[in-house]
Structure formats: structure tokens, C-alpha cells
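S.K.: Attaching a predicted model along with its sequence, questions to come.
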Amino acid sequence: MYHSRCINSAPLTLIALFTLYLMPNPAAATSAKTSYPASVADLGGLYLPADDPDRVRPAPLVGTEINVSISGIVVRTRVRQVFRNPDKVWTEAIYTYPLPPDSAVDRLRMTVGGRVIDGRIAEKIAARQAYTQAKRSGRKASLVEQQRPNIFTTSLANLGPGESVTVEIGFQELLSYRDGGFQWRMPLVVGPRYIPGRPLKDGFQPTGWSPATGRVPDAPLITPPVRSAAAGRGNPVTLRIDLDAGFALSELRSPTHAIRIEDTGIGRRLITLDGDAVPAVKDVILNWRPKPGAAPRAGLFAESWEGQRYALMMVMPPVGGLPDAAPLPARPAREVVYVIDTSGSMHGDSMGQARAALHMALDRLTPRDRFQIIRFAHGHTAFRHNSVPASPANLARARGFVDNLTADGGTEIAGAMRAALARQAPKGPLRQVVLITDGAVGNEEEMLKLIDARLGRSRLFTVGIGSAPNGYLMTRAARAGRGTYTFIPTAVEVASKMTALFKRLERPALTDITLQWPKGAKVDVTPQPIPDLYLGEPVVVLARLGDGAGSLKVSGRFGDAVWETAVNLSGGRNHPGVAALWGRTRIRRLMDDLRRAEDRTAVRTAIVQTALSYKLVSKFTSLIAVDNTPSRPADQPLAQTPVPTNMPDGWNRDAVFGKQLQTPPVRTFDPTSPALRKILALGGATSGVPQTATSAPLLRFAGLLVLMAALLAMLVLLAMRRRQWG
């Protein structure tokens, strides 16, 4: 009878368990109270996905204020990032963001309440150790690290519940001057990068959506979490630019954002965004031109810093590098290889811009030219086996090839570039390679080494497409390839930008540029040697001047003609920051040397010494600021919250990640926390490794399977009992 009662009560027990399974989870109900409908993200701020796909929960808020001062061709920028923790736990905020690729980052200031803590420069390992020690001891600390010359990370430790902290960084850069106009560009979002290579088993990586790979070992550091589509856009940015052009303006506009302009004097303007803030989804670009007759022919900026004089010089050769009355040489015959990106990140607007640019390029070819087209995504395919004459029939077929290009898959640039740089004859027509891409890859160093090894007699010109191209790869590849970089941010810019590029492609460059200093003058010049210059480009030189360096003669060759000019180095506008720009340019040159060096240790030492001397962030140095007052109680665990970034404007999420995007972990706990160890011990944990969460639907499904298995077992047992009783 006892067995009979137990067996007869089993279905009732299963029904009770199944009822409990279907009942609302009290923990989930509590969690729902701290989440909000996904539409709230449209009001601004940062949110993380909640358990319910239609809801979000607040994350540490980052409000970014950008203040820019432009004087001539020198730019000083201050970026203020405001972190706020709305949760009831102590947290570490990690924010990955872009900066211009040649910016000299030299300032860090952290404001906590009424206390201001200025950062100091230190070797990267020492700065990381100081930050980790402060984090473990409960003190607030901020760390600014360079992951790429255009990707930086700010880490902020021990942000208390409801607390706000302001982190300010400062940097300097040079403007781009080309074709009679200036351009300032500020990247606002780190677009998702394609990460090639096999994953490395190097432990749990909480801050990036990509694991480390053999080809990109630091992938987790350059792949910040991306906001979900349901969360909308966040990371609001405000912008203020004080422009002192130094000449009367004929044009001032932004092709990317609506702006407000206030006239504050001759050549002076105050520019702000038209609106309180904009989401960080695309680069901000500002273009301006002088009035006719007011264009600068030369510019000189100087600074005395720590007993040394530094000079920044810009000299504009006449059009084409020849006297104004001289005719331009005839266009040379060329072999042009167009390499076009058709990966997933180019989906949508970017692919349309790339096709339009390629059609314009084909239209400019002459019967004397030869051409080839290579497309790449996961792999690469060519229009023809070799370059072919630019005949009407070949051009017609090529236009059909271009019309059929669609965007999908990965971004394996390396194979396409190997093909483009292969089969180079020792002699022949001028050989040019035009790379059209957004550069959204993480293996930049691998690409630059490939160009160094295989460039031969080719010239590489890069064309950046879309709202947020990888400026580091595009500018460095063009410099390594002895070409130029052209950025096309919007479809309406395609015609003007490509026309300017064609003029450079179709004319010889100003070559063999030399600088002749007075005999006995002690001068350290960068860059060295001076790169070839194309139509509309100035000679820009940074120099550390010693005794006797009062004048300079600049000369170069344009085809068979010789051009030269003299520059007086006395006087010049005094401008703080020229020394830092010289240091940054020297670091860039040393990083190029490091890529090719056999003795990497000596070059690395020189980079560290330069960065420490000029107080600059580099690949091997960081800025660290530590508050000496402990704030987090020792018994409180520390959560870690990487701040998600936006998907760049015009990018298609499914084309980039695929439809089965797995959201990376965005919150773990510090395994060194004593309080967390106690919790793990009480829970029977055997290690301090953070445990990842399993989704509630999966748990319910697993529970249902267990209940069904139990029910089946009970039915089998009932049948066996009946057989025994029968």
C-alpha cells in the first residue's frame, strides 16, 4: 500500500512541479522593475540588454563634450567624458573610443566631487599595475591606453552607486590641407572590426565581443560591445569649435552634420552642432576655404619648450609644382589596379558609394591605360586574370562587373592586396593601386608589413568609404605605399572627392624633395625623408632646431622641371604644442621602423624614451591618474561594465555580424574581491573564475526536458507495477 500511494501521488507531484515551472519567477519579476522599455534609449543615455529582449537596463552613462581650438594648421582638442553609475553596485567602467590617428595625447584629468587629479605618463605595464593596485584597494583611478593610434580605452575603477566622475583628455594634431582647402575630422565611433585568425585559448575576455586570435592577439581590446538594435542610439556628444583660420573665409561647411556658425571676426568662427547633442554614430567633418587671393603660401609656427626651439613649417608649391605660367606635363600612360571591398561592413550606403567611385574611375581611363579590378570579402576574385587595355569593350564588361558587386562576408584584404601587387614588370607604365574600403579590420600591422614587402614600383592610393572608416589603416597604408588617402563620408561627396583624386593619379608627383639647412646648423627633422607630394599638397615639416638654423631652402623635381623656395625660420607664430607634435611625428616614424627592424628592442626603447620625454600616450606608454583616498569598502564586490558603442551610421547589423549575433558578456565580477569569494564559497564554487549567466528561456527548456523525462520514467514504472500486480 505504501508503494501504491507513492506511485499514485507521483503524477500529482509532477503536476505541482510543472505548475511551479510555469509560474512567474520572483527574481525575474524583481529584475523587470529595474529595466525599462527599449524605446527609452531614444531619449539618450546608455543601456544594456535586459533578460527580456524588449527591455533594457541602465549602464554607466557617458556624456562626451568635445572642445576644439584651431589656429592655422594646429588643432588642440579637449574631450570630457562623464561617467555615471545608476546601479546599486560598485562598478568599473571601460569605454573604447576613436581619436584622429596622428593625435598627440598628452593630458589626463579626473574630477571626483571637488577633487581634481591630474594624470602622469608612465610605461604601459607600470601604468596598468598602478591602476590594478588602486582598483583592488578601493581607490578611484583612471587609465588611458592606446590600442591603435586611432583607438583608445579609458578605464575608470570604483565608480560608486549613483556616483558621477569626469575624465578629461587632451591632444593635439595637424590639419589636413589639400587642393586649396582645410579639413578637420573627428571620429566618434569605433566600427566593428573583422578579426581574422583562429581564436587563442587565453582565458576569459570580458571587454570585447571578439576573442584574441593568432593574427590579432589584442582583438578583445578593439572590439567593444555594440549596442543592440532594440536599445537605439546612445553616447550623446556635444561639440564646440573655436576656429582662427588666419585668413578671410569663402566657405565653411560640414558634409556630415548640421552646424551653427557664429562670425567672431576676420577668419574667426564659433561652430557648434545644431542641437544639444548628437549620437556618436559617424565622423564629424568640417571643411573651409580661403577667399581668392587669401590662400596661404607658407606658414610657420614655433615653440620654445624645455630650453629647445621647435618649428612647424608648411610650404605650398605652385600648382603642379611648377611656375604658375608653365603648362602641366601630358598625362602618362598608366596601369591601374582597383581593389574594392565587398564585405558585410560595406553593405548599404557604403557599397553604393564604392560602386559610384569605381564607375567614375573607369570613365577617366584612356586608351593608353591598362586596368584590373579585384573584389574581396571572405576571399577575392578578379575581373580578368591580368590587367587589360582600357578598350570600349573591356570597359563595358567592367561596368557590368561593378554593377553586380554586392556586400557580404568577412574582410580579408591581405589576399586581395597580394594579388594587386603581384605580376609587376620591372619596367613599364606608371603603376597605381587604388584600394576602396572602410578598412574595418583588426590586423592593420599585418597589412602594413605586406605593403612594405610587396609594393615594388607601385603606388598605393587609399579611398575611405562610409561614416566611420579606419583612418589609421587608410593613412598608414597610403604613406607606406607612397600615395595619398581620400575620405568620402557621404554619397554627395563622391564626385568632388574622386575628381580631386583623379587629378593626383593622372599627374606626376613632386619627388626628390630635399631640405638644405645652413652649413653647421644642428637640426632634427621629421618626417625624414620627405615623402613624394601630389597635386595640391603642401610640404609640411616639423623640426627641432639648434644653433644656426635660421633659414631653409626647399627643393624638388616635378618631371624634368626643378622647383625650389627659401623659408625664413625667424619669428613665426608662437604656438604651444609644436614640441608635442614633433614628438608624436617622431614616434610615428619609429613605429614604422619597428615594423621593419631586426633589433626591435632598440627601436622600442627609443619610442618609450620619446613618449616619456614629451609626455605622450603611445603603444608602450599610458596616462594614469589615481585618487589616494579609498572609496569602495573592502566588503563590496566590483562589477565590470564595458560601455557599448553604437553601430556606425549606414552600417547593416546583420551584414556585419550575421543574424545569429551572440551578445558578449558585458558584466562580470572582480574575482579578487573578498566579498565575492565568500559568496562563491557559500555557493560551493571551486574557483574564483566568474560564472557566465545562462538565459532564462534555456533554463526553462532544460527544466521542461527533465520533467518530461521524469514523467516518462514514472509511466514506465507504473506499467511495470501493474504487470507485477496483474
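M.R.: Perfect, thanks for sending it. Residues are numbered from 1 along each chain as shown.

S.K.: Now stretch 514-526: buried residues?
M.R.: Using 16 or more other C-beta atoms under 10 Å as the test for burial, stretch 514-526 gives 515, 517, 521, 523, 525-526. (C-beta placed from N, C-alpha, C; glycine too.)

S.K.: In a markdown table, list those residues along with distance to residue 440, secondary structure and pLDDT.
M.R.: Formatted as a markdown table, these follow (distance: C-beta to C-beta, whole Å; DSSP: H, G, I helix; E, B strand; the rest coil; pLDDT from 0 to 100):
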| residue | distance to residue 440 | secondary structure | pLDDT |
| --- | --- | --- | --- |
| 515 | 37 | strand | 89 |
| 517 | 43 | coil | 86 |
| 521 | 45 | coil | 84 |
| 523 | 40 | strand | 89 |
| 525 | 35 | strand | 90 |
| 526 | 30 | strand | 87 |
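
S.K.: how about those in JSON lines, adding distance to residue 119?
M.R.: JSON lines is the format used below for the buried residues of stretch 514-526 (distance: C-beta to C-beta, whole Å):
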{"residue": "515", "distance to residue 119": "36"}
{"residue": "517", "distance to residue 119": "37"}
{"residue": "521", "distance to residue 119": "37"}
{"residue": "523", "distance to residue 119": "32"}
{"residue": "525", "distance to residue 119": "31"}
{"residue": "526", "distance to residue 119": "26"}
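
S.K.: closest to residue 360 among those?
M.R.: Set against residue 360, the nearest of those by C-beta to C-beta is residue 526 (35.5 Å).

S.K.: I'd like the distance from the closest one to residue 433, if you could.
M.R.: From residue 526 across to residue 433, the span is 27 Å (C-beta to C-beta, to the nearest Å).

S.K.: got the contact list for residue 498?
M.R.: Neighbour list for residue 498: 357, 360-361, 463, 486, 488 [criterion: C-beta atoms under 8 Å, 6 or more residues apart in numbering].

S.K.: So which of the residues you listed belong to helices?
M.R.: For the contacts of residue 498, the ones inside helices are 357, 360-361, with DSSP state H as the criterion.

S.K.: Give me the below-cutoff pLDDT ranges for the stretch 151-300 of the chain.
M.R.: In the prediction, the stretch 151-300 of the chain carries residues with pLDDT under 70 at positions 201-209, 227-235.

S.K.: the strands in it, which residues?
M.R.: For the stretch 151-300 of the chain, the strands defined by DSSP state E, counting those that start in this stretch occupy 151-159, 164-174, 176-178, 181-186, 236-244, 249-253, 259-265, 268-273, 278-279, 284-290, 298-305.

S.K.: and if you look at the stretch 501-650 of the chain?
M.R.: 510-516, 523-526, 539-545, 551-558, 561-568, 573-574, 621-630, 638-642.

S.K.: To residue 367, which of the ones you listed lies closest?
M.R.: Minimum separation from residue 367 across the strands of the stretch 501-650 of the chain (C-beta to C-beta) falls at strand 551-558, 25.5 Å.

S.K.: Run through who's touching that closest one.
M.R.: The contact list for strand 551-558 (C-beta under 8 Å, 6+ apart) reads 313, 315, 317, 320-322, 329, 508-518, 533, 539, 562-570.

S.K.: tell me which residues of that strand are tucked away?
M.R.: In strand 551-558, counting by 16+ other C-beta under 10 Å, buried: 552, 554, 556-558.

S.K.: for the record, mean pLDDT for it?
M.R.: Averaging pLDDT along strand 551-558 yields 86.

S.K.: and it with strand 510-516, angle?
M.R.: Orientation check (axes from the mean of the first three to the mean of the last three C-alpha atoms, to 10 degrees): strand 551-558 against strand 510-516 gives 160 degrees.

S.K.: hmm, which helix or strand of the chain has the shakiest average pLDDT?
M.R.: Lowest mean confidence among the helices and strands of the chain (mean pLDDT, DSSP states H and E): helix 26-33, at a mean of 32.

S.K.: Please tell me I have it right and residue 567 contacts residue 300.
M.R.: Yes. Judged on C-beta atoms under 8 Å, residue 567 makes contact with residue 300 at a distance of 7.3 Å.

S.K.: Let me know the secondary structure of residue 351.
M.R.: Put simply, residue 351 is helix when judged by DSSP: H, G, I helix; E, B strand; the rest coil.

S.K.: Compute the number of surrounding residues for it.
M.R.: Residues within reach of residue 351, counting by other C-beta atoms under 10 Å, total 24.

S.K.: For the residue nearest to it when sequence neighbours are not counted, list the residues it contacts.
M.R.: Leaving aside its chain neighbours, residue 351 sits nearest to residue 407 (4.4 Å; criterion: C-beta to C-beta, 6 or more residues apart in numbering). Neighbour list for residue 407: 342-348, 350-351, 377, 655 [criterion: C-beta under 8 Å, 6+ apart].

S.K.: What subset of the residues you listed is buried?
M.R.: Buried members of the contacts of residue 407, scored by 16+ other C-beta under 10 Å, are 342-347, 350-351, 377, 655.

S.K.: so where's the protein uncertain?
M.R.: Judged by pLDDT under 70, the stretches of the chain that qualify are 1-62, 201-209, 227-235, 318-330, 572, 640-644, 646-647, 650-726.

S.K.: Looking at the ones in helices among the contacts of residue 498, which is nearest residue 252?
M.R.: Minimum distance to residue 252 across the ones in helices among the contacts of residue 498 is 25.6 Å, recorded for residue 357 (C-beta to C-beta).

S.K.: Deepest-packed of the strands of the stretch 151-300 of the chain, please.
M.R.: Stretch with highest mean neighbour count among the strands of the stretch 151-300 of the chain: strand 151-159 (a mean of 25; mean count of other C-beta atoms under 10 Å).

S.K.: so what strands line up beside it?
M.R.: The pairing partners recorded for strand 151-159 under DSSP bridges are strand 90-98 (antiparallel), strand 139-148 (antiparallel).

S.K.: angle of the shortest one against strand 181-186?
M.R.: Interaxial angle, strand 90-98 versus strand 181-186 (the same axes, to 10 degrees): 160 degrees.

S.K.: what does the longest one give?
M.R.: Here the directions of strand 139-148 and strand 181-186 differ by 130 degrees (the same axes, to 10 degrees).

S.K.: and the angle from strand 139-148 to strand 164-174?
M.R.: Interaxial angle, strand 139-148 versus strand 164-174 (the same axes, to 10 degrees): 30 degrees.

S.K.: Over to the shortest one?
M.R.: Strand 90-98 and strand 164-174 are oriented at 20 degrees to each other (the same axes, to 10 degrees).

S.K.: Residue 485: what's it in contact with?
M.R.: 461-464, 474-475, 477-478.

S.K.: Tell me the one among those residues nearest to residue 621.
M.R.: In terms of C-beta to C-beta, no member of the contacts of residue 485 lies closer to residue 621 than residue 475, at 21.3 Å.

S.K.: Just give the number of residues close to that closest one.
M.R.: Per other C-beta under 10 Å, the neighbour tally for residue 475 reads 23.

S.K.: Helix, strand, or coil at it?
M.R.: Per three-state DSSP, the local secondary structure of residue 475 is helix.

S.K.: List just the nearest of the contacts of residue 407 to residue 68.
M.R.: Distance to residue 68 across these (C-beta to C-beta) is lowest for residue 350, with 26.7 Å.

S.K.: dump the residue contacts of the residue nearest to the closest one when sequence neighbours are not counted.
M.R.: Nearest residue to residue 350 in three dimensions, chain neighbours excluded: residue 466, at 3.9 Å (C-beta to C-beta, 6+ apart). Residue 466 is in contact with 345-346, 349-350, 353, 438, 489, 648, 650-651, counting by C-beta under 8 Å, 6+ apart.
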